[in-house]
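*Asks:* I need the structure of the sequence given here:
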Amino acid sequence: MGVRITVIIAVFSLLYSSLVFKLYTVQVEGRERYEAEAFSFHMKNGYLNPLRGGIYFTDKSGAVLPAAINKEYPTIYAVPKDVKDAVYTAEILSDISMRDKEELVTILNKKDDLYEPVIKKATDEEVTKVLENNFGCLEGKKGCVDIEYKRSRLYPLGTLAAHLLGFVSADESVGGAYGVEFYYNGELKGVAGVPEGDRIVQSAKAGDDLRLTIDLNIQKEAEKILSVLVEKYKAEKGTVIVQDPKTGKILAMGSTPTFDLNSYNKYELKNFLNPAVQAVYEPGSIFKIITMASALDAGAITPQTTYVDTGSLTLNGKTIRNWDLKAHGKLTMTQVIEGSVNTGAAFAENTLGHDNFYKYLVKFGFKDKTGIDLPEEILGSLRPLEVDRRDINFATASFGQGVSMTPVSLLRAMSAIANHGVMMKPYLNADLDPVVVGRVVSEEASREVVGMMVSAVNKAEIARIKSYTVAGKTGTAQVSDFTRGGYTDEVINTYIGFAPAYDPKFVILIKIDKPAGAPLAGLTVVPAFRDLAQFILNYYNVPPDDLVNNQ
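*Replies:* Have a look, this model is predicted:
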């Protein structure tokens, strides 16, 4: 009896020891493996991935319209741990995905790897081919390739506002890349779930949605007009921005050439930079408005102040000439703006004084970034006025040559003039409050220079819109020659204008680089401005303010 009990105890002790050993093997030695499998399962089924917030445009009624949303796409993936024949599997997957065979072999030979995506956002054809090959992950199968549906970013508008929006990188650890996808990545991405062993101790938290100030209808029309303009004049590129000068809201921002956000991997990196905030240029004659506004505000001139134009001005051994190579005789400052006379701008700057002129350029914000909510904004330069204070440099700066700025910086300054002398910070997040940067010039100086701009529009006629007062100014700037110094024969054409002139609902900047044949801005960007301005006036149902100008 005692022997039998002893044997039973021994057997159960062995069984218990085996169970303890098995538990030790599973819970200690196999812990990492099972945790990895659990993590892989949670990741595969999206339990740890937060839902990324959507990005939305608005319209004049406040309705939100999707610009970036999430959609489930088929992902073809492999389980390298269970792949029996890596070479065989890689050959088939290479034919389907067009990925390098040797690269796939390396991936499929990772014997402890439980999950490797092969094709993200797979097409129906690619899915069909995988199913036809019947890879499966059952015993005896060589492959172990399967299909799952994963959330990915969809941009319903394709190329529209591509530089502004940016995109979500294929590398999920990177998140947003470029544009507001990058700038607001922290808010959009949400908070990942937290696993502990085979449990989820903290569920994923979805990211916040982002409403932008961009009006979809204005954005579409602005990009359409810009695209036609660039194509018509065979320009290298172009940019258009529309802003509400009273608040700083950006209503549209686009550039061409653009790219398709849904297939960004087919484009070079240089395509993703936003020229509105990440490229500087010399603005040309538009800058005469800044010069005049500064001199008017300081009381150095009035719109009726006169000088005698001889057609040229020689300073420090260099000669400035008017764009038309003509001498116009006695002119008022208003006539200088009407005729875009270079020597007249130089006269106004010299009357104001170099030190005061520079101080006003600082007030207009050309020494600071605008602070717009877009990534990696760059800063222009006033360097020629700081390190080489010769008269010639101040004279050329008076009409926008030798100094540089981004389009959005120039637009901010001109919007301050439109907004009765008060500068607003440009912004895109519709949930932000407008920010006043400060008063740049007096309301009186603003009204005087706006009147000069209106006079220029009425005289040139191209930008006139029936029954509305329109203020605007052209800029035709020569492109710098960075190899030999000086300037090339190529030009950059810009127009900035607003309407109604004395109570503007928008300010438009439209710019094209290197149009074929170097035409004047009046032939290229001015008609494009007029078409876009007419559209916006109609879109907002803005009542006419100029019943005298009804033709």
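*Asks:* low pLDDT regions in the stretch 1-150 of the chain?
*Replies:* 1-4, 6-47, 136-143 (pLDDT under 70).
*Asks:* So which residues of it form strands?
*Replies:* Ranges of strands in the stretch 1-150 of the chain, per DSSP state E, counting those that start in this stretch, are 55-58, 64-78, 116-119, 145-154.
*Asks:* Put the alpha carbons of the third one into CSV.
*Replies:* Going back to what we said before, that points to strand 116-119. What follows is strand 116-119 as a C-alpha-only set of coordinates in CSV (Å, rounded to 0.1, in the frame of the first residue of the first chain):
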residue,chain,number,x,y,z
GLU,A,116,6.0,42.2,-43.6
PRO,A,117,3.8,44.4,-45.9
VAL,A,118,4.7,43.7,-49.5
ILE,A,119,2.2,46.0,-51.3
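*Asks:* Which strands border that strand, and is each parallel or antiparallel?
*Replies:* Sheet pairing of strand 116-119 (DSSP bridges) gives strand 64-78 (antiparallel).
*Asks:* next one: the first one
*Replies:* Using DSSP bridges, the strands paired with strand 55-58 in its sheet are strand 64-78 (antiparallel), strand 210-215 (parallel).
*Asks:* Packed most tightly, which of the strands of the stretch 1-150 of the chain would that be?
*Replies:* Across the strands of the stretch 1-150 of the chain, averaging neighbours per residue (mean count of other C-beta atoms under 10 Å) puts strand 55-58 on top, at a mean of 23. Where C-beta positions appear, they are placed from N, C-alpha and C, glycine not excepted.
*Asks:* who touches that one?
*Replies:* Strand 55-58 is contacted by residues 64-69, 161, 165, 180-181, 188, 209-216, 219, 430 when judged by C-beta atoms under 8 Å, 6 or more residues apart in numbering.
*Asks:* Selecting buried members of those in PyMOL, what would you type?
*Replies:* To isolate the buried ones among the contacts of strand 55-58 in PyMOL, judged by 16 or more other C-beta atoms under 10 Å, type:
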select buried, resi 64+67+68+69+161+165+180+181+188+209+210+211+212+213+214+215+216+219+430
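*Asks:* Identify the residue spatially nearest to the most centrally placed residue in the chain, adjacent ones excluded.
*Replies:* Of all residues in the chain, the one closest to the mean position by C-alpha atoms, centre = their mean is residue 164, 2.7 Å from it. Nearest non-adjacent residue to residue 164, counting by C-beta to C-beta, 6 or more residues apart in numbering: residue 253, 5.0 Å away.
*Asks:* Quick one: distance of stretch 471-488 to the chain centre.
*Replies:* 24 Å (C-alpha atoms, centre = their mean, to the nearest Å).
*Asks:* Same question for stretch 175-194.
*Replies:* The answer for stretch 175-194 is 16 Å, by C-alpha atoms, centre = their mean.
*Asks:* what about it, how long is it end to end?
*Replies:* End-to-end distance for stretch 175-194: 18 Å, by C-alpha to C-alpha, to the nearest Å.
*Asks:* where does the residue lying closest to residue 222 once chain neighbours are set aside land in three-state SS?
*Replies:* In this structure, residue 222 finds its nearest non-sequential neighbour in residue 252, 4.2 Å apart by C-beta to C-beta, 6+ apart. On the three-state scheme (DSSP: H, G, I helix; E, B strand; the rest coil), residue 252 is labelled strand.
*Asks:* State the number of residues packed around residue 109.
*Replies:* Residues contacting residue 109 under the criterion other C-beta atoms under 10 Å number 13.
*Asks:* ok, it touching residue 87?
*Replies:* No. With contact defined as C-beta atoms under 8 Å, residue 109 does not count as touching residue 87 (9.3 Å).
*Asks:* picking up where we left off before, pairing partners for the residue nearest to residue 164 in the sheet, please.
*Replies:* Listed beta-bridge partners, residue 253: residue 241 (assigned using DSSP bridges).
*Asks:* Surely it is in contact with residue 160?
*Replies:* No. Counting by C-beta under 8 Å, residue 253 sits too far from residue 160 to count as a contact (10.9 Å).
*Asks:* Give me the more crowded residue out of those two.
*Replies:* Neighbour count, other C-beta under 10 Å: between residue 253 and residue 160, residue 253 has more, with 31 against 21.
*Asks:* now that one: how far from residue 213?
*Replies:* 10 Å (C-beta to C-beta, to the nearest Å).
*Asks:* just residue 94 next, same as before
*Replies:* Counting by C-beta to C-beta, the gap from residue 94 to residue 213 is 46 Å.
*Asks:* before we move on, the earlier item: shared neighbours, residue 253 and residue 160?
*Replies:* In contact with both residue 253 and residue 160: residue 219, using C-beta under 8 Å, 6+ apart.
*Asks:* hmm, back to that, may I see the strands paired with strand 55-58 arranged in TSV, with distance to residue 529 as well?
*Replies:* What follows is the strands paired with strand 55-58, written out as TSV (distance: least, C-beta to C-beta, whole Å):
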stretch	distance to residue 529
strand 64-78	25
strand 210-215	17
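*Asks:* which one of those lies closest to residue 420?
*Replies:* Across the strands paired with strand 55-58, residue 420 has its closest neighbour in strand 210-215 (21.0 Å, C-beta to C-beta).
*Asks:* Let me see the mean pLDDT of the following helix or strand past the closest one.
*Replies:* Tracing the chain past strand 210-215, the next element assigned as helix or strand by DSSP states H and E is helix 216-232. Mean pLDDT, computed over helix 216-232, is 98.
*Asks:* burial measure for the spatially closest residue to residue 104 that is not a sequence neighbour, as a count.
*Replies:* Leaving aside its sequence neighbours, residue 104 sits nearest to residue 90 (C-beta to C-beta, 6+ apart; 3.8 Å). Close neighbours of residue 90, defined as other C-beta under 10 Å, add up to 25.
*Asks:* Quick check, residue 90 in contact with residue 100.
*Replies:* No. Residue 90 is beyond contact range of residue 100, at 9.1 Å (criterion: C-beta under 8 Å).
*Asks:* ok, and the closest non-adjacent residue to residue 56?
*Replies:* With sequence-adjacent residues excluded and distances taken as C-beta to C-beta, 6+ apart, residue 56 is closest to residue 64, at 4.1 Å.
*Asks:* same question, residue 435
*Replies:* Nearest residue to residue 435, sequence neighbours excluded (C-beta to C-beta, 6+ apart): residue 425, at 4.0 Å.
*Asks:* what's around the one you found, how many residues?
*Replies:* Neighbours around residue 425, by other C-beta under 10 Å: 17.
*Asks:* now do residue 408
*Replies:* By the criterion of other C-beta under 10 Å, residue 408 has 24 neighbours.
*Asks:* hang on, it in a helix?
*Replies:* Yes. Assessed by three-state DSSP, residue 408 belongs to a helix.
*Asks:* picking that back up, who touches the residue nearest to residue 104 in this structure?
*Replies:* For residue 90, the contact set (C-beta under 8 Å, 6+ apart) comprises 101-102, 104-105, 108.
*Asks:* And for residue 145?
*Replies:* With contact set as C-beta under 8 Å, 6+ apart, residue 145 has these partners: 76-79, 89, 93, 118, 130, 133, 135.
*Asks:* Quick check: bridge partners of it?
*Replies:* Here residue 145, judged by DSSP bridges, has bridge partners residue 78.
*Asks:* now it: how far from residue 74?
*Replies:* Distance check for residue 145 against residue 74: by C-beta to C-beta, it reads 12 Å.
*Asks:* likewise residue 352?
*Replies:* 66 Å.
*Asks:* repeat for residue 220
*Replies:* Taking C-beta to C-beta, one finds residue 220 at 31 Å from residue 74.
*Asks:* Return the residues in contact with residue 283.
*Replies:* Applying C-beta under 8 Å, 6+ apart to residue 283 gives the contacts 400, 403, 405, 410, 475, 477, 494.
*Asks:* how about 6 Å then?
*Replies:* 400, 410, 475 (C-beta atoms under 6 Å, 6 or more residues apart in numbering).
*Asks:* what about the last one, neighbour count?
*Replies:* By the other C-beta under 10 Å criterion, the neighbourhood of residue 475 contains 27 residues.
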